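> next comes the sequence, and after it the predicted model I'd like to discuss.
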2 protein chains.
Amino acid sequence: MEKILIHEVGLRDGLQMEKDVVHTERKLAWAEGLLGSGVDVVQVGSFVHPGKVPQMADTDDLFRRLAASGRKPEAVSLSGLVLNEKGLERGLACGVELLCMGVSASETHSRKNTGMSVAEATRRIIAMAASAERAGARVQVSVQSAFGCGYEGPVPPERVLAIVQALLDAGLRSLSLADTAGHATPDDVERLYARVLAPAPDVQWACHFHDTYGLALANCYAALRAGVRCFEASVAGLGGCPFTAVAGGNVCTEDFVHYLHRTGRRRDIRLEPLVEVARDVAAFFGREMPGSVYRTGPIPEPAAAPSGR
Amino acid sequence: MEKILIHEVGLRDGLQMEKDVVHTERKLAWAEGLLGSGVDVVQVGSFVHPGKVPQMADTDDLFRRLAASGRKPEAVSLSGLVLNEKGLERGLACGVELLCMGVSASETHSRKNTGMSVAEATRRIIAMAASAERAGARVQVSVQSAFGCGYEGPVPPERVLAIVQALLDAGLRSLSLADTAGHATPDDVERLYARVLAPAPDVQWACHFHDTYGLALANCYAALRAGVRCFEASVAGLGGCPFTAVAGGNVCTEDFVHYLHRTGRRRDIRLEPLVEVARDVAAFFGREMPGSVYRTGPIPEPAAAPSGR
């Protein structure tokens, strides 16, 4: 079986939803904990205008300090989200190994986020991805709102497939479907991935599920069944901010890793450093986080031999 | 497609884990809310010694008052859990329509719970079920700890299959597998139900998942895929008591019903009364409950027509 990969995105997708700005030293400590767990990619931040998202103002600094620290294991990549050409320049200047970009399948979401139509945003992202690859970076492009949109509601699969086709035609081979609003059901997930995976077997497909309505782990299971092997997740389920009307963090990294351990799908990611970071995240924000395993601990190994008859 | 059934068990399985005793008037209000939602069965309590589980001391009273109130819709059944012959007598005296009984697949759990071996407990439950059926009640028998045990760890599927065979041989046709400790993964669920469903197509199979490690909804999805049509669930995800070392309520009723709505698998159960009870439960216990939808509300219907191209 192909190896399952974990792309930890809590420091970016989780923290950008929080009201409290986390200081750089603490982010570095969390990043080092995550890097030490053996997850495959750690997303450190987004290259967005600091006036717009103050939580991400230290992204360049974080990349430079992590590179200088010598604490990043060879096998783990750092990723950063870039939203525009300026962000791309900054990301390349920081030597980011994996640059993540996205285009929304929802017209309303696209216009609110970028001021562009889906078609315009798709062309722009394809051009940015080409620049990044020419500069030697790896690129992943996500289709956001792929399973529904908080503004528009249902998003027809055909709209997602058209964007995917444009990305494939442009030669992109690392793609993700993102359930930005958390509207996906596992039934949707199996159906949509079946349609995108079949015609593009050489693509590395990722998934990104928000847990707004409690289905994120079910959606991961459905994605696994459909053949997806790369999972974006947030430590402690970060992003489930209780102060927003519709709270929905990403699927919780350590809960999913615990599941991978239990099923033997992957055992070499260490749970303890993830649980430690999750506990520190909960202590920092002073509230219970969405994750389960950081509270319960993993299922203990049996103390005695299994019972007789 | 065969109709999916919801058996709401929060008033029993949820409340018995709580330290605070809920007064009868409030339980009645919650029961009436649940009955009004259109779920198929509402479990009102267990017939256990009130000295052992003070939270269940008013079970007989609740059944009598619900019967007298005239508020129970014809289509909805009331169920009660019986643990021994004395409880069975009490349940029959209250006219309970569905009597639920269980036997554990774990020797340690069985001995701690009943003082009997699995084999002894199985014989006893078969005898009790026969009495109940002779008295005109419907009976459901659960195999507890079917996916693992908090004391023993893994429970071999063969042990579950042997109990199931004994129950089938005794003529029982309404059975449930219960993940008492929350150890099940969706992979386990698909595998085990495939093995029990195939040889017994005339049995109504139910499932009962605790959300200890975040997988309860994923397990429900797996059970659905495997052909299970009856789901035990707790309003608000009751039972996830934060004061126990390993917290794990049942899968949350309104979250699962929301999923059924979204997928069109079943739409006639009303979400609002479930959400109202869940909010009142959270207010009563003064803490956030595990459920998602009672906090977020359901996904709104799209306000405008889907966007253009």
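It's in. Residues are numbered from 1 along each chain as shown, chains lettered A, B, ... in the order given.

> count the residues that sit near the closest residue to chain B within the stretch 101-250 of chain A.
Closest residue of the stretch 101-250 of chain A to chain B, CB to the nearest CB: A:G153 (2.9 Å). All C-beta spots, glycine's among them, are computed from the backbone N, C-alpha and C. Residue neighbour count, defined by other CB atoms under 10 Å in any protein chain shown, stands at 20 for A:G153.

> give me phi/psi at it?
phi 80, psi -140 (degrees, to the nearest 10).

> before we move on, what about the one 10 residues further on?
Phi and psi for A:I163, reported as degrees, to the nearest 10, are phi -70, psi -50.

> what's the closest non-adjacent residue to it?
Closest residue to A:I163 apart from its sequence neighbours, by CB to CB, 6 or more residues apart in numbering or on different chains: A:V143 at 5.2 Å.

> so what's that neighbour up against?
A:102-105, A:160, A:163-164, A:167, A:175-178 (CB atoms under 8 Å, 6 or more residues apart in numbering or on different chains).

> send me stretch A:74-85 as PDB with only the CA atoms.
Extracted in PDB, the C-alpha atoms of stretch A:74-85 (Å, rounded to 0.1, in the frame of the first residue of the first chain):
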ATOM      1  CA  GLU A  74      15.800  16.000   6.600                       C
ATOM      2  CA  ALA A  75      12.700  13.900   5.800                       C
ATOM      3  CA  VAL A  76      10.200  16.700   6.800                       C
ATOM      4  CA  SER A  77       9.300  19.500   4.400                       C
ATOM      5  CA  LEU A  78       8.100  23.000   5.400                       C
ATOM      6  CA  SER A  79       5.300  24.500   3.400                       C
ATOM      7  CA  GLY A  80       3.800  27.900   3.100                       C
ATOM      8  CA  LEU A  81       0.600  29.300   1.600                       C
ATOM      9  CA  VAL A  82       0.900  32.000  -1.000                       C
ATOM     10  CA  LEU A  83      -2.000  34.000  -2.200                       C
ATOM     11  CA  ASN A  84      -0.500  36.300  -4.800                       C
ATOM     12  CA  GLU A  85       2.600  37.200  -6.700                       C
END
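
> wait, doesn't A:E232 sit right on A:W205?
No - the pair A:E232 / A:W205 is not scored as a contact, 11.4 Å apart, by CB atoms under 8 Å.

> returning to what we had before: ok, the residue of the stretch 101-250 of chain A closest to chain B touching A:A181?
No - taking CB under 8 Å as the definition, A:G153 is not a contact partner of A:A181, at 9.2 Å.

> any common contacting residues for these two?
In contact with both A:G153 and A:A181: B:I299, using CB under 8 Å, 6+ apart.

> coming back round to it: need the per-residue pLDDT for the residue of the stretch 101-250 of chain A closest to chain B.
Listed pLDDT for A:G153 reads 93.

> so what's it bridging to?
Beta-bridge pairing for A:G153 (DSSP bridges): A:C149.

> A:H210: neighbour count?
A:H210 has 27 nearby residues by other CB under 10 Å.

> beta partners of it?
According to DSSP bridges, beta-bridge pairing links A:H210 with A:N250.

> contacting residues for it?
A:179-182, A:216, A:239, A:248-251.

> for stretch A:120-140, buried residues please.
A:121-122, A:124-126, A:128-129, A:132, A:137-140 (16 or more other CB atoms under 10 Å in any protein chain shown).

> cool, and stretch A:198-209?
For stretch A:198-209, using 16+ other CB under 10 Å, the buried residues are A:200, A:203, A:205-209.

> stretch A:277-287 now?
Residues A:277-278, A:280-282, A:285 are the ones in stretch A:277-287 that count as buried (16+ other CB under 10 Å).

> and those, which is closest to A:D40?
A:V277 (16.1 Å; CB to CB).

> next one: the closest one relative to A:E25, how far apart?
Distance, A:V277 to A:E25, by CB to CB, to the nearest Å: 14 Å.

> with A:V196 instead?
From A:V196 to A:E25 the distance is 41 Å (CB to CB).

> and those two? which has more neighbours close in?
A:V196 (23 against 10).

> who touches the spatially closest residue to A:V203 that is not a sequence neighbour in this structure?
Spatial nearest neighbour of A:V203, chain neighbours left out: A:R173 (5.1 Å); criterion: CB to CB, 6+ apart. Residues in contact with A:R173, defined by CB under 8 Å, 6+ apart, are A:202-204.
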